[in-house]
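S.K.: model the following, please.
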Amino acid sequence: MSANGGPTRMALIASQGTLDWAYPPFILASTGAALDMEVAVFFTFYGLPLLMKDLKAKVAPHANPAMPMKMPFGPEGFQKFSWPIPNFISGVVPGFESFATSMMKETFEKKGVATIEELREACIESDVRLIACQMTMDVFGFDQKDFIAAAELGGAATFLEFAADADITLFI
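M.R.: Sure thing, here's the model as predicted:
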């Protein structure tokens, strides 16, 4: 319950669209909704593609120097080995991004972690507002038909109207 007597409100800004950055807004939004919070997520700049019908989020290890290159990726028998890979290698080896993406997805599946699509659907089913930044759409040349039906088009004012009464506000 919010300090103003209404339901707790959570406002999130999703500005990144890689696979690893796609999880936080959808996990937080779906969890907040499950806890009876009113939730809105504003998808802007590189986070906007997370609302596309054809979701193609990938891991970008070269863009995340904190990514542990010793994660237990791969088949069970090989996970006991630790192959440290210098971060600069991940940006210059052809196909490494695709490899890292498939290994992360495989690891998440083995650990029972929901896919981004499943989490996004849970948000939709829970009435989370998924606000697609109109300005970003205009700048990058996206069209409304590129996005899932649940995507609500709006600008900063649309989001700020919701966020003004939010109890929790996070920039992801």
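S.K.: so where do the helices sit in the protein?
M.R.: 19-34, 87-92, 96-110, 116-125, 134-140, 156-163 (DSSP state H).
S.K.: quick one: closest of the ones you listed to residue 54.
M.R.: With CB to CB as the criterion, residue 54 lies closest to helix 116-125 of the helices of the chain, at 10.5 Å. Yep, even glycine has a C-beta here, placed from its N, CA and C like the rest.
S.K.: in the closest one, what counts as buried?
M.R.: Across helix 116-125, burial judged by 16 or more other CB atoms under 10 Å covers 116, 119, 120, 121, 122, 123, 124.
S.K.: possible to save the helices of the chain as a markdown table with mean pLDDT?
M.R.: Putting these into a markdown table (pLDDT from 0 to 100) gives the following:
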| stretch | mean pLDDT |
| --- | --- |
| helix 19-34 | 96 |
| helix 87-92 | 56 |
| helix 96-110 | 76 |
| helix 116-125 | 97 |
| helix 134-140 | 97 |
| helix 156-163 | 97 |
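S.K.: of all the ones you listed, which one comes closest to residue 51?
M.R.: helix 116-125 (8.0 Å).
S.K.: with just CA atoms, put the closest one into CSV.
M.R.: The C-alpha trace of helix 116-125 is given here as CSV (Å, rounded to 0.1, in the frame of the first residue of the first chain):
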residue,chain,number,x,y,z
ILE,A,116,12.4,-12.9,-22.0
GLU,A,117,9.3,-13.7,-24.1
GLU,A,118,7.7,-15.5,-21.2
LEU,A,119,8.5,-12.7,-18.7
ARG,A,120,7.2,-10.1,-21.2
GLU,A,121,3.9,-12.2,-21.6
ALA,A,122,3.6,-12.4,-17.8
CYS,A,123,3.8,-8.6,-17.7
ILE,A,124,1.1,-8.3,-20.3
GLU,A,125,-1.1,-10.8,-18.5
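S.K.: got a list of contacts for it?
M.R.: For helix 116-125, the external contacting residues (CB atoms under 8 Å, 6 or more residues apart in numbering) are 19, 22-23, 26-27, 29-30, 33, 39, 41, 50, 55, 57, 114, 130, 148, 150.
S.K.: could you rerun that using 10 Å?
M.R.: The contact list for helix 116-125, computed with CB atoms under 10 Å, 6 or more residues apart in numbering, reads 19, 22-23, 25-34, 39, 41, 50-51, 55, 57, 105, 108, 113-115, 128-130, 148-151.
S.K.: could you figure out how far it is turned away from helix 96-110?
M.R.: Using axes from the mean of the first three to the mean of the last three CA atoms, to 10 degrees, the inter-axis angle of helix 116-125 relative to helix 96-110 is 60 degrees.
S.K.: can you pull the domain assignment for the protein?
M.R.: As given by automatic domain parsing, the domain ranges for the chain are 9-53+114-171, 61-110.
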